[in-house]
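Q: From the sequence below, what's the structure:
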Amino acid sequence: MLARLLNQTYEGNEGKFTNSDWQTITFVNNHIYRHKVLRINYTTYDVHCAQDSLNPRTHTDVMVLSHEDKDEDPHPYWYTQIIGVFHAQVWHMGPRSKSTDVQWMDFLWVWWFGHDLNYQAGWNAKRLYRLGFLHPEDSGGAFGFLDPNEVICRIHLIPTFAYGRTSDILTPSIARQPHENNEDWVFYYVNMCMKVNHVLIDYS
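A: Numbers count the residues shown, from 1 in each chain. You can find the predicted model right below:
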């Protein structure tokens, strides 16, 4: 959120800020508000307007543009699961502030997927890309916050049933839904699609 307030381009990281930078941002009344639904408007293949309805319970998975180094020939997208949909009213002060008005800011709490680099996939391999949740102990960026405007569209992930489920990725956590019994699928396949979006959050 601080990076957005400073008009910094999103590059997939949390940014580098000092304690003084953090002290310039205040949540009005110390409140963060949680919502049930995120709606994404997109253009269909036959150039019609349609809408995805996302929520942390049943339609959770989305993709954003990749921000890997250009010389590494990266996959064009990153994939993540929505844990929560929020907004806050934020007051930003200090010499780098762009506005002293209270600003309404929407944000998502997400758990990132990583590509299975030992699995050959894509058009040439004639196989769907395979993902798994990033392990918090292996990656400091397993969890993060995301501007809803970065979301391209909802994605359809297919559990790789042959590998089953595991509780080793994450200890019991509110990042999971109760019906998941603190387990996750080891891998998922990405069912390929493409849409163009516009974001709406349901505040009801």
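Q: From here on, just use CA atoms for contacts and neighbour counts.
A: Will do.
Q: following the longest strand along the chain, which helix or strand comes up?
A: For the chain, the strand with the greatest residue count under DSSP state E is strand 77-92. Counting by DSSP states H and E, the next helix or strand C-terminal to strand 77-92 is strand 103-115.
Q: Tabulate the CA atom coordinates of the next helix or strand after that next one in CSV.
A: Next helix or strand after strand 103-115 toward the C-terminus (DSSP H and E): strand 130-133. Only the C-alpha atoms of strand 130-133 are listed here, as CSV (Å, rounded to 0.1, in the frame of the first residue of the first chain):
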residue,chain,number,x,y,z
ARG,A,130,2.2,-27.5,-13.0
LEU,A,131,2.1,-25.4,-9.8
GLY,A,132,2.5,-25.8,-6.1
PHE,A,133,2.1,-23.5,-3.1
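Q: now the longest strand of the chain: mean pLDDT?
A: In this model, strand 77-92 carries a mean pLDDT of 95.
Q: That one pairs with which strands, and in what direction?
A: Next to strand 77-92 in the sheet, as set by DSSP bridges, lie strand 25-27 (antiparallel), strand 33-35 (antiparallel), strand 61-65 (antiparallel), strand 103-115 (antiparallel).
Q: nearest to Glu150, of these?
A: Of all the strands paired with strand 77-92, it is strand 61-65 that lies closest to Glu150, at 5.9 Å by CA to CA.
Q: pLDDT of that closest one, averaged?
A: Mean pLDDT, strand 61-65: 92.
Q: Mind listing what's buried along that strand?
A: Buried residues in strand 61-65, defined by neighbour count with 16 or more other CA atoms under 10 Å: 61-64.
Q: returning to that earlier point: possible to save the strands paired with strand 77-92 as a markdown table with distance to Phe187?
A: Shown next, in a markdown table, are the strands paired with strand 77-92 (distance: least, CA to CA, whole Å):
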| stretch | distance to Phe187 |
| --- | --- |
| strand 25-27 | 38 |
| strand 33-35 | 28 |
| strand 61-65 | 14 |
| strand 103-115 | 9 |
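Q: do you know which of these lies nearest Gly141?
A: Among those, the nearest to Gly141 by CA to CA is strand 103-115 (7.7 Å).
Q: Centre of this structure to the edge, which residue is at the far end?
A: Centroid-distance maximum for the chain: Pro95 at 30.3 Å, with CA atoms, centre = their mean.
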